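**Q** Give the three-dimensional model of this entry:
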Amino acid sequence: MRKIDETTGMAYILLATFALGPLIVCWISPFAQDDTVHGYFEPGYEQIYEQFRQNFADGLEREGAAVVVYLRGRPVVDLWGGFADKEANIPWKRDTRTVLFSSTKAVSSLCIAMLVDRGLLRYEDRLTDFWPEYGLFGKENTTVGDVMTHKAGLPYLEEDIDISDFEDFTKIEKKVERSKPLWKPGTATGYHPVTFGFILDGIVRRVDKKGRDVRTFLKEEVSDAHGLSVEIGVDRREAHRLARITTPTFWEFVRDCIRNPKMIGMLTIMYVRFDNMLQKVRENTKFLQLNYDTMSVNDPDIISLPISALTGVSSAADLARLFSLAIDGTLFSNSTLEKISTPTVNNWHLERVAIWPIRKGYGFLYDPNPLIPGKFVFGHPGYGCQLVFADPSNQLAMAYLSNGLKTGTGEVCTTYLRLYGATYDALRAL
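**A** As a prediction, this is how the structure comes out:
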């Protein structure tokens, strides 16, 4: 079978989904898993517990998972179950950490918001104000806001990034500087899966008074200061303590598409296309193999890299607490929180990379608030259905993490959607 990240392979799989889907759903669904769940929940949040348990019972969590909800600064739900490494029979625990994938972008974006709040940076600043070399090849008017909204025009770089480049980060910065934007910065938006982090690091190194990168800023100003286990690039000697990531099988992929038909449309739009944008994005960092038969983040040499768009690690408990701190005034002021709580891209548009329109702003992705019209929740999904979000209007923060990756993410991830819906059903009833 061809890899799922090949366009032709994706086309075959989508066709198989239509042809075999009903049979696959009937065949896979009855194989229930151990639905033992640990932790606690306060009265009124029973629905979240039931949905979390049901995810295991339905066979949708083939490894382990955790969900944590904070309301007004305190945890009201803290649940976990399954295995951190099923093959080795290692159970998932409350403090089990796993890879955040692109949910790392939300963590890094909190660091940017902190620098803005301290007056060291503005979203309106041009990068050339503090990084003159960035302005080559038509990038001279790129603003911090453009970078945070994926409008920089650099979803991949002209020169490939090699793992050895991380030994001297200036090598990566030079490759960023020498790259020509694919569109005039600020005029269109296209998701920057990995380069988002490279550019953010270049910004933070230049405006932080101590010259720290995002990883070090996060560690010293946030995680160490508040007793959190959130990191970007774990010490390779500690990598064995992370939950081991596994990927969906072909049959799980088909089942998930049938369970949520919207996924078929989204994947068709993204992969069955006439340009090679996604291929170029993937090939730009060949050492990052994230597909359905290779998962490079299980390699200590990879997950130890300080990629502030991708290699974040955390427990669900600490990730939820981090975003609770972001909305209770601990990390930055209410004025900064108010600014980042509303997307800057909220209109229908053809996303240059994902195609599917995405609400974006300040480094976060957004969804309409389920309870308050005109308000939003913000955070970021990650590959395989990792997710963290904050709802400032309701003083709510939620993190859902697993190591058995799913076919979809965010709005097309069944396990997350169940928990998200149950959380807001509980709020409505309070």
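
**Q** got the CA coordinates for the helix or strand containing residue 324 in CSV?
**A** Taking DSSP states H and E as the definition, one finds residue 324 inside helix 316-327. Taking C-alpha atoms only, helix 316-327 is exported to CSV below (Å, rounded to 0.1, in the frame of the first residue of the first chain):
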residue,chain,number,x,y,z
ALA,A,316,-3.1,17.3,29.6
ALA,A,317,-3.3,18.6,33.2
ASP,A,318,-0.5,21.1,32.8
LEU,A,319,-1.5,22.2,29.3
ALA,A,320,-5.0,23.0,30.5
ARG,A,321,-3.6,24.8,33.5
LEU,A,322,-1.3,26.8,31.2
PHE,A,323,-4.3,28.1,29.3
SER,A,324,-6.2,28.8,32.5
LEU,A,325,-3.3,31.0,33.5
ALA,A,326,-3.5,32.7,30.2
ILE,A,327,-7.1,33.9,30.8
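
**Q** My reading is that residue 393 lies in a helix. Confirm?
**A** Yes: under DSSP: H, G, I helix; E, B strand; the rest coil, residue 393 sits within a helix.

**Q** what separates it from residue 88, distance-wise?
**A** With distances taken as C-beta to C-beta, to the nearest Å, residue 393 is found 43 Å from residue 88. Glycine gets a C-beta too; all of them are placed from N, C-alpha and C.

**Q** pretty sure residue 259 contacts residue 415?
**A** No: assessed by C-beta atoms under 8 Å, residue 259 is found out of contact with residue 415, at 10.4 Å.

**Q** Looking at the two now, which is surrounded by more residues?
**A** A count of neighbours by other C-beta atoms under 10 Å puts residue 415 above the other of residue 259 and residue 415, at 25 against 17.

**Q** list the contacts for that one?
**A** 55, 60-61, 65, 385, 400, 402, 406 (C-beta atoms under 8 Å, 6 or more residues apart in numbering).

**Q** between those residues, which is closest to residue 195?
**A** residue 385 (23.1 Å; C-beta to C-beta).

**Q** list the contacts for the closest one?
**A** Residue 385 touches 400, 402, 405-406, 408-410, 413, 415-416, counting by C-beta under 8 Å, 6+ apart.

**Q** Which residue ranges make up each domain of the protein?
**A** As given by automatic domain parsing, the domain ranges for the chain are 32-93+295-333+371-429, 121-207.

**Q** Of the ones you listed, which stretch is the most buried?
**A** domain 32-93+295-333+371-429 (a mean of 21; mean count of other C-beta atoms under 10 Å).

**Q** can you pull out the strands in the protein?
**A** 37-41, 64-71, 74-85, 90-91, 98-99, 231-232, 312-314, 360-361, 364-368, 376-382, 386-391, 396-402 (DSSP state E).

**Q** can you redo those as JSON lines with distance to residue 247?
**A** Converted to JSON lines, these look like this (distance: least, C-beta to C-beta, whole Å):
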{"stretch": "strand 37-41", "distance to residue 247": "24"}
{"stretch": "strand 64-71", "distance to residue 247": "15"}
{"stretch": "strand 74-85", "distance to residue 247": "14"}
{"stretch": "strand 90-91", "distance to residue 247": "18"}
{"stretch": "strand 98-99", "distance to residue 247": "12"}
{"stretch": "strand 231-232", "distance to residue 247": "22"}
{"stretch": "strand 312-314", "distance to residue 247": "18"}
{"stretch": "strand 360-361", "distance to residue 247": "27"}
{"stretch": "strand 364-368", "distance to residue 247": "23"}
{"stretch": "strand 376-382", "distance to residue 247": "14"}
{"stretch": "strand 386-391", "distance to residue 247": "13"}
{"stretch": "strand 396-402", "distance to residue 247": "12"}
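
**Q** Now residue 195: closest residue in space, sequence neighbours ignored.
**A** residue 154 (5.1 Å; C-beta to C-beta, 6 or more residues apart in numbering).

**Q** Could you measure from the one you found over to residue 380?
**A** 19 Å.

**Q** Residue 130 too?
**A** According to C-beta to C-beta, residue 130 stands 25 Å off from residue 380.

**Q** send the alpha carbons of stretch 223-239 over as CSV?
**A** Extracted C-alpha coordinates of stretch 223-239, given in CSV (Å, rounded to 0.1, in the frame of the first residue of the first chain):
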residue,chain,number,x,y,z
SER,A,223,6.9,26.5,33.1
ASP,A,224,9.5,26.9,35.8
ALA,A,225,7.7,29.9,37.2
HIS,A,226,4.4,28.1,37.6
GLY,A,227,5.5,24.5,38.1
LEU,A,228,4.4,23.2,34.7
SER,A,229,5.8,20.3,32.6
VAL,A,230,5.2,22.1,29.3
GLU,A,231,8.3,22.1,27.1
ILE,A,232,9.4,22.5,23.6
GLY,A,233,11.9,19.9,22.7
VAL,A,234,12.3,17.4,25.6
ASP,A,235,15.7,16.4,26.8
ARG,A,236,16.6,13.4,24.7
ARG,A,237,17.4,11.5,27.9
GLU,A,238,13.8,12.0,29.1
ALA,A,239,12.2,11.1,25.7
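
**Q** Please look at residue 112 and residue 197 and confirm they touch.
**A** No: proximity of residue 112 to residue 197 does not meet the contact threshold set by C-beta under 8 Å, at 11.4 Å.
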